[in-house]
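> Quick one, what's the 3D model for this:
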Amino acid sequence: MKQFLLLLFLSISFFGNSQHQDKVDFIRGDVFIEPIPQEKRIDGTVVYEFDILQDIDSVFLDAKNMEFSSVKLNGKKAVFSNNKKIISIKNRFKGGKEYKLKLTYSCVPKQTVYFLGWEDDISGNEQIWTQGQGKYTSHWLPSFDDMNEKVEFDLSFNSHPGKTIEIANGTIKEVKSNHNEGTIVSFDMQNPMSSYLLAFVIGNYNKQELTSTSGVPIENYYYPKDSSRVEPTYRYTKEIFDFMEREIGVPYPWQNYKQVPVHDFLYAGMENTSTTIFSDAYVIDSTAFVDKNYVNVSAHELAHQWFGDLVTEKDSNHHWLHEGFATYYAYLAEKEIFGDDHFYWKLYETLQELQQQVEKGEGQSLLDPKASSLTFYEKGAWALFMLRNEVGDSDFKAAVKNYLKEFQFKNVTVDDFIDETEKVSGKSLKNFRLDWLEAKGLPYEKALSQLAKSAPSIQLLRVIEADFKAAQSDDIDYVGYWDKTNSIHLKKHFLTQYQTSLPEEIYVKAFESDTVPLRQSLLSHRDLPKFIDKEKLEALLEDKSYITKEAVLMRLWQAYPEDRPKYLESTKYVIGLPNKNIRILWLVLAMLSENYKGAETKAYFDELSSYTGQEFSFEIRQNAFFYLNEAFGLNEESLTNLVKATNHHAWQFKKFARNLLDELLEDMDYKARLEKLAIKLNAEESRYLNSKLNE
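Numbers count the residues shown, from 1 in each chain. You can find the predicted model right below:
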């Protein structure tokens with residue numbers, strides 16, 4: 001009986017919450033928070049203004065693991081219940097009336113708010129930031145997991161004196177003294193948004209200020225130590241912004257736009273309304289720009305300000321309207337910056353990935369709410385590319401513009417967009433819907449033919465592939481095909497796909513082209529020293545690419561043991577990408593070189609081990625763990641850091657750390673060391689280790 005009553009209560013609670021939209025309209029949320037970083041706690045107050053559309057007896061908000069010290073309705077103490085998932089306010093709410101609900105609360109979020117620098121070694125760069133993707137803001141603010149409830153949120157902070165600043169959705173409307181307790185910084189939003197797009201960052205930043213051609217303020221934040229990296233990191237920001245407004249045809253819908261890098265972000269970036277948070281792994285110097293730049297991520301998250309933030313899916317069945325559109329418009333922005341060939345070859349590469357997925361029997365519909373990222377992002381972008389070709393540029397752009405204006409600040413379905421496109425174009429999109437949205441497969445040949453019509457280099461590729469099928473290998477004029485195109489992408493395809501068949505002349509031409517992507521493609525060839533002499537290979541150590549430098553250092557070290565000291569000396573001060581790719585490889589090679597500074601081996605090992613520490617990004621730590629495990633073994637310091645990493649907030653790094661720990665536990669020596677270590681660490685740090693030891 002008790003189980004039945006509990007299930008009944010839960011079903012009523014969740015049913016009531018899911019039906020909120022029909023009976024209650026939340027208009028505005030005035031939020032004040034004070035983070036207590038030493039306790040990873042949020043103390044807050046929120047005042048909601050809402051209209052009652054029908055008589056009801058309860059109002060629900062999602063509130064995960066929160067304690068409420070005060071709940072007031074229209075200034076009076078309210079009756080409420082709190083099951084640590086939902087807070088329910090009991091009252092005879094009358095249809096047609098306005099209400100104010102004031103909640104004072106405290107919580108220790110298990111996720112969504114990340115406090116870095118207090119219980120780890122990231123001293124001097126402490127940060128607090130949020131990631132509420134989907135429905136997780138209710139871990140730090142009583143709010144709405146249902147993205148159909150759109151509210152104008154204004155967020156304020158109690159700012160304590162120091163180097164840190166606050167960044168949040170909207171514009172700063174007021175900064176005022178809070179007696180002796182610091183300063184209150186208040187942000188203002190003018191239009192509504194879904195709760196999951198509410199965000200903030202607190203940290204030590206400077207900023208670059210730009211203005212779009214249309215007059216929108218753009219703020220690009222950076223760590224004070226990274227002033228020399230501002231230009232390459234944010235290169236083309238204004239061009240991307242101006243392009244998006246022109247291409248989409250609808251003005252940017254918010255007051256300003258901000259981009260903020262944070263340490264160990266969970267993803268590449270997140271499109272919080274007016275405030276993109278992204279991984280500081282994209283904070284780069286000019287040399288790294290050719291290897292790993294922020295352009296695509298920047299364009300993708302900016303496109304979401306229209307597709308996802310301005311118009312928001314009703315539920316995950318319509319996720320294409322977010323990720324497919326953001327991916328497609330980001331590719332268009334790259335086309336504007338890097339040229340047509342870049343755009344079409346990106347589509348070609350993703351088409352091959354999608355076709356491989358289909359051939360494995362793993363194809364997915366774009367309407368499947370559980371589809372993979374490859375489906376939502378890449379198949380979604382392809383669907384728009386094909387739709388645009390089907391209805392024409394003019395009608396496609398008009399349909400997008402009408403769709404955004406019709407449903408601005410609302411929630412949408414796939415049918416809303418398709419209906420608008422049919423209305424504008426006068427064409428039935430039944431077949432398009434079947435082929436691209438509903439089908440698990442895709443019309444591969446039709447897609448490839450359309451791509452070939454648009455891109456001369458893809459058309460030439462199809463001719464070459466047909467010739468290759470018909471000819472004997474000795475009859476193929478590789479050099480003639482090579483000389484027939486100026487497409488770097490087609491030539492790179494040549495070097496990677498036909499590596500074992502190409503004549504020496506092709507390799508010479510590729511090397512002499514002075515084009516970084518072609519030289520990088522050469523470096524994977526196992527017989528490269530046969531085609532490129534030692535002196536030319538050594539010259540690549542000065543290449544304007546950290547990926548090239550890393551690969552060449554490895555090739556030279558392997559091929560010419562007698563010259564290892566020379567190669568190590570010439571690269572000993574090179575750090576590389578933000579993940580320290582060259583420095584970490586250098587340390588490994590220096591320790592493995594018998595003829596290079598043997599007295600420094602311990603110092604090199606200690607440095608490599610130090611890179612497993614919490615003050616470094618998880619990409620650096622993962623590289624260091626990998627090389628230590630493969631070549632030398634883990635010392636006490638790195639083993640301790642590995643155990644702590646099994647609780648890391650970034651799932652991909654946590655998974656890596658747990659897999660490596662599982663592997664080490666198979667070794668009896670490591671297991672004995674880990675058993676001793678488990679006694680020294682606190683319960684939280686050793687939680688995963690103890691769970692494995694107790695199996």
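> Check what pLDDT the residue nearest to L73 when sequence neighbours are not counted gets.
Leaving out its chain neighbours, the residue that sits closest to L73 by Cβ to Cβ, 6 or more residues apart in numbering is L101, at 5.5 Å. To be clear about C-beta, it is placed using only N, CA and C from the backbone, and glycine gets the same treatment. We have a pLDDT of 98 for L101.
> neighbours of L101, just the number please.
23 (other Cβ atoms under 10 Å).
> Give the next helix or strand downstream of whichever strand or helix holds it.
Assigned by DSSP states H and E, L101 falls within strand 98-107. Going down the chain from strand 98-107, the next helix or strand is strand 113-116, by DSSP H and E.
> Now whichever helix or strand comes after that following strand - C-alpha only, CSV.
For strand 113-116, the following helix or strand on the C-terminal side (DSSP H and E) is strand 127-130. Extracted in CSV, the C-alpha atoms of strand 127-130 (Å, rounded to 0.1, in the frame of the first residue of the first chain):
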residue,chain,number,x,y,z
GLN,A,127,36.8,29.6,-11.4
ILE,A,128,33.1,28.9,-10.9
TRP,A,129,31.1,28.1,-14.0
THR,A,130,27.9,26.4,-15.1
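> Can you name the element that comes right after strand 127-130?
For strand 127-130, the following helix or strand on the C-terminal side (DSSP H and E) is strand 150-159.
> Parallel or antiparallel, list what pairs with that next one.
The strands beside strand 150-159 in its sheet (DSSP bridges) come out as strand 24-36 (parallel), strand 183-188 (antiparallel), strand 193-194 (antiparallel).
> so what's T137 closest to, chain neighbours aside?
T137's closest residue in space is S195 (Cβ to Cβ, 6+ apart), at 4.5 Å.
> Of the strands paired with strand 150-159, flag the one that's most buried.
strand 193-194 (a mean of 26; mean count of other Cβ atoms under 10 Å).
> Average pLDDT for that strand, rounded please.
If you average the pLDDT values across strand 193-194, you get 97.
> residues making contact with the helix or strand following that strand?
Later in the chain than strand 193-194, the nearest helix or strand by DSSP H and E is strand 200-203. The contact list for strand 200-203 (Cβ atoms under 8 Å, 6 or more residues apart in numbering) reads 33, 35, 125-130, 155, 157, 164-169, 221, 260, 262, 275, 277.
> what about E67, neighbour count?
13.
> Please identify the buried residues of the host helix or strand of it?
When elements are assigned from DSSP H and E, E67 belongs to strand 66-73. Within strand 66-73, the residues scored as buried using 16 or more other Cβ atoms under 10 Å are M66, F68, V71, L73.
> Dump those to CSV, plus pLDDT and distance to F494.
Putting the buried residues of strand 66-73 into CSV (pLDDT from 0 to 100; distance: Cβ to Cβ, whole Å) gives the following:
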residue, pLDDT, distance to F494
M66, 98, 60
F68, 98, 65
V71, 98, 68
L73, 97, 71
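> And those, which is closest to G480?
M66 (70.5 Å; Cβ to Cβ).
> okay but the closest one is in contact with S106, surely?
Yes. Using Cβ atoms under 8 Å, M66 is in contact with S106, at 7.1 Å.
> which ones are touching T413?
Counted by Cβ under 8 Å, 6+ apart, T413 has contacts E313, K314, N317, H318, L321.
> I'd guess the third one is in a helix, am I close?
The reference is to N317. Yes. When classified by DSSP: H, G, I helix; E, B strand; the rest coil, N317 is found to be part of a helix.
> Name the nearest residue to it, ignoring sequence neighbours.
N317 sits nearest to P369 (Cβ to Cβ, 6+ apart), 5.0 Å away.
> Equivalent analysis for I464, please.
Among residues not flanking I464 along the chain, Y481 sits closest, at 5.4 Å (Cβ to Cβ, 6+ apart).
> any idea how far K509 is from that neighbour?
12 Å (Cβ to Cβ, to the nearest Å).
> out of these two, which sits in the busier spot?
The neighbour comparison of Y481 against K509 (other Cβ under 10 Å) goes to Y481, with 20 against 16.
> Model confidence at that one, what's the number?
Y481 carries a pLDDT score of 89 in this model.
> quick one: contacts for the residue nearest to T137?
G132, K135, T137, S138, L141, S143, F144, D145, M147, E149, V151, F153.
> Mind putting those into TSV with distance to V297, neighbour count and pLDDT?
Below are those laid out as TSV (distance: Cβ to Cβ, whole Å; neighbours: other Cβ atoms under 10 Å; pLDDT from 0 to 100):
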residue	distance to V297	neighbour count	pLDDT
G132	18	24	93
K135	23	17	87
T137	22	28	97
S138	27	25	97
L141	26	30	98
S143	27	28	97
F144	28	24	96
D145	26	21	95
M147	22	20	93
E149	28	21	95
V151	27	22	97
F153	25	29	98
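> Which stretch among the strands paired with strand 150-159 approaches D669 most closely?
Among those, strand 24-36 comes nearest to D669, with 42.6 Å by Cβ to Cβ.
> circling back: pull the contacting residues for the residue nearest to N317.
Counted by Cβ under 8 Å, 6+ apart, P369 has contacts D315, S316, N317, H319.
> cool, E538 as well?
The contact partners of E538, taken as Cβ under 8 Å, 6+ apart, are V552, L556, Y567.
> show me what contacts A381?
G324, T327, Y328, Y331, L347, T350.
> Show me which pair in those is furthest apart.
Spatial extent of the contacts of A381 (Cβ to Cβ) is set by the pair G324 and L347 at 13.0 Å.
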